[in-house]
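Sharing a sequence plus its predicted fold:
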Amino acid sequence: MAKVYPFNGLRYNTEKVSLFDVVAPPYDIISPEIQDALYNKSEYNIVRADFGKEFPEDNDTVNKYTRSGELFEKWLKEDIIKAEDTPCFYIYEQVFKSNNSKYSLKGLYSLVQLCDFKENIVLPHEETLSKAKADRFELMKTTNANLSAIYSLYLDEDKSMQEFIEVLSQGNPDLSFGTEDGVGHNVWIVKDKEATDKITAFFSDKQVFIADGHHRYETALRYRDYMREQTGDMSEDAPFNYVMMLLTSMSDPGLLVFPTHRMIKDMPDFDEESIVSALTDNFSISKIRFTDGEYDEIIMSKLRNCGDEIQFAMYTGKDYYYLLKLKDVSIMDSYISDKPEVYRRLDVSCLHTLILDRHFGINMENMAQQKNLLYSRDSKEAIAAVQEGKCHCSFLINATKISQIKDISLLGEKMPQKSTYFWPKPVTGVLFNSLG
């Protein structure tokens, strides 16, 4: 099963920089405005290497990827980033609030041997976009490093590893810092060989479920094959056969999944009445006028209280929204009979199959190009996009359950793109892994 090892992590030298100034959100949620702010925060902020700026004069030999490689090498030479003196596991904790409740989420930064998905050891649950994988591949070629970890989950039914992690993190953390979103971050460095051996042994009969980072994992596989071809090195211990992961227990009470909402744009023939009328074939539809309060909060509160029924909301920019309830779960069986039941019962599968594809013509290719479909993890943004005329309508949905993610992965299936949104996101810049 999974081969999980301690490693000589690369990390910022806190005698020379403040972690608050140099860490960044994951690259795929950084807007141009956030990118500018991070650039201004520090000349050593990881965004400059992980998600650098593009310039009009860029070409094949001078571009954001070559600048990333040169910059990362420069930081290593200047001791801004330094290597650990011995192989370690790193316990990473995020302390945060959600819906007025306080949470703690702990995981293990580790090195994990790359496995093709067909080996059934590392399991995906989402489809990926080719553009994002091409971007990450070019970055890996110039930096020869993992600049961020694949966020993954593991089963720990008896909570033995979770309890061991609690024991190992009893004392003061080796690193501690906050970020502007109010999340606290703590790191304990585990060097004791007895402890690291115990962690490696625990995972020897485990599978790993990718939570966040499907694009980067597939890119790591491609980079592995590329390096084997370039170097002829087929040995198991070659650095490019491994990838840095942050491993978190599925039973950790701090593990939260939020929904990703869908917005429809650039449909010349969009007509609200026609769409609603067409949807009555498969859905019971209630037109609900808003009362006092924020529109998105009203909608999400309604959805969260729908139990196990498949429901989502459609907002068209007025002072009301439509609550769409699937009339019968068996309807999905006739549309995607080749998929397992757990897939057919996902809210996001129902939305994509019965509405986006059937009535809007947004198929897999259209989604990959984001031609008529936009995504947002922020329900306020999904509402505002329609109110501001950027989109025709938005579909707000409930979050996918952890148990559904596990079941889909074990069956070897993949959900539609952006079906899950784990929060809070591990920040980029805590640790790096050299592939050179």
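On my side now, so go ahead. Numbers count the residues shown, from 1 in each chain.

switch to C-alpha atoms for all contacts and neighbour counts from now on
Fine.

show me the contacts for residue 139.
Residues near residue 139 by C-alpha atoms under 8 Å, 6 or more residues apart in numbering: 50, 65, 68-69.

can we see that at 10 Å?
For residue 139, the residues meeting the contact criterion (C-alpha atoms under 10 Å, 6 or more residues apart in numbering) are 49-52, 64-69, 133, 145-147, 219.

Can you pick out the most distant pair from the residues you listed?
Across the contacts of residue 139, the longest distance by C-alpha to C-alpha is 19.7 Å; it joins 67 and 219.

Which of these two has more residues huddled nearby?
With neighbours defined as other C-alpha atoms under 10 Å, residue 67 and residue 219 compare such that residue 219 has more, 22 against 19.

how much space is there between residue 199 and residue 109?
11 Å (C-alpha to C-alpha, to the nearest Å).

what packs against the helix or strand hosting residue 151?
Counting by DSSP states H and E, the element that carries residue 151 is strand 150-154. For strand 150-154, the packing partners by 3 or more C-alpha pairs under 10 Å, 6 or more residues apart in numbering; DSSP states H and E come out as strand 101-113, strand 122-123, strand 208-212, helix 214-231, strand 242-249, helix 402-410.

Make TSV out of the ones you listed and add distance to residue 25.
Output for the helices and strands packed on strand 150-154, formatted as TSV (distance: least, C-alpha to C-alpha, whole Å):
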stretch	distance to residue 25
strand 101-113	17
strand 122-123	24
strand 208-212	13
helix 214-231	15
strand 242-249	15
helix 402-410	23
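
right, so of those, which gets closest to residue 27?
Comparing the helices and strands packed on strand 150-154 under C-alpha to C-alpha, the one sitting nearest is helix 214-231, at 11.1 Å.

average pLDDT for the closest one?
Regarding helix 214-231, the rounded mean pLDDT is 96.

and if you look at stretch 126-146?
pLDDT averaged over stretch 126-146 gives 90.

And stretch 280-288, by the same measure?
Mean predicted lDDT for stretch 280-288 stands at 97.

that older thread, overlap in contacts of residue 199 and residue 109?
Among the neighbours of residue 199, those also in contact with residue 109 (C-alpha under 10 Å, 6+ apart) are 4-6, 89.

Looking at the residues you listed, which is nearest residue 129?
residue 4 (27.2 Å).

Just give the closest residue to the closest one, not the sequence neighbours.
Of all residues not flanking residue 4 in the chain, residue 112 sits nearest, at 4.6 Å (C-alpha to C-alpha, 6 or more residues apart in numbering).

quick one, what contacts that neighbour?
Residue 112 neighbours (C-alpha under 10 Å, 6+ apart): 2-7, 122, 150, 200, 203, 208, 241-247.

Any of the residues you listed buried? List them.
Neighbour-count burial (16 or more other C-alpha atoms under 10 Å) is assigned, among these, to 2-7, 122, 150, 200, 203, 208, 241-247.

For residue 285, see how far away residue 278 is.
11 Å.

again with residue 27
Taken as C-alpha to C-alpha, the span from residue 27 to residue 285 is 38 Å.

Looking at the two now, which is surrounded by more residues?
residue 285 (20 against 16).

That one against residue 275, yeah?
No - taking contacts as C-alpha atoms under 10 Å, residue 285 lies outside contact range of residue 275: 11.5 Å.

For my notes, confirm residue 394 occurs in a helix.
No - counting by DSSP: H, G, I helix; E, B strand; the rest coil, one finds residue 394 to be strand, located in no helix.

Please give the number of neighbouring residues around the nearest residue to it once chain neighbours are set aside.
Leaving out its chain neighbours, the residue that sits closest to residue 394 by C-alpha to C-alpha, 6+ apart is residue 263, at 4.2 Å. Counted by other C-alpha under 10 Å, the residues lying close to residue 263 total 23.

residue contacts, residue 263?
The neighbourhood of residue 263, defined by C-alpha under 10 Å, 6+ apart, consists of 314-315, 372-376, 381-383, 385-386, 390-396.

what does residue 52 give?
By C-alpha under 10 Å, 6+ apart, the contact set of residue 52 is 27, 35, 39, 46, 63-68, 139.

per-residue pLDDT, residue 369?
For residue 369, pLDDT reads 68.

residue boundaries of the strands in the stretch 251-400 of the chain?
Assigned by DSSP state E, counting those that start in this stretch, the stretch 251-400 of the chain shows strands spanning 256-258, 261-264, 283-289, 311-315, 320-326, 373-376, 393-396.
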